[in-house]
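Generate a structure from the sequence data that follows.
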Amino acid sequence: MIRFFDIFAGIGGFRSGLERAGGFECVGYCEVDKYAKQAYEALYDTSKEVYYDDARTIDPETMPDFDLICGGFPCQSYPEK
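Numbers count the residues shown, from 1 in each chain. Alright, predicted model coming up:
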């Protein structure tokens, strides 16, 4: 079983693909948008997973062991120059 961490999780696009492929287990996720988090938690059983609300504040020492990190590029728009 390959354990993965889903960062910039959105509504779980990467997770969906990995779970359908089989052989993957999610150990935690990170999503700053409260509505995306609500959708993610409605779609997946996250009760045994670690959750972080902001990737900028994650202490790597507190993260669970994992083999793979996956996630979407942050969706927030870039500020104009």
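
how about the helices in this protein?
13-21, 34-43 (DSSP state H).

which strands and helices sit next to the shortest one?
Of the remaining helices and strands, those touching helix 13-21 by 3 or more Cβ pairs under 8 Å, 6 or more residues apart in numbering; DSSP states H and E are strand 2-6, strand 24-30, strand 68-70. Backbone N, C-alpha and C define where each C-beta goes, glycine included.

Neighbouring strands of the second one in the sheet, and parallel or not?
In other words, strand 24-30. For strand 24-30, sheet partners with direction are given as strand 2-6 (parallel), strand 50-52 (parallel), following DSSP bridges.

The last one now?
If you go by DSSP bridges, strand 68-70 pairs up with strand 2-6 (parallel).

Show me what the partner strand is in contact with.
By Cβ atoms under 8 Å, 6 or more residues apart in numbering, the list of residues contacting strand 2-6 from outside reads 12, 14-15, 18, 23-30, 63-71.
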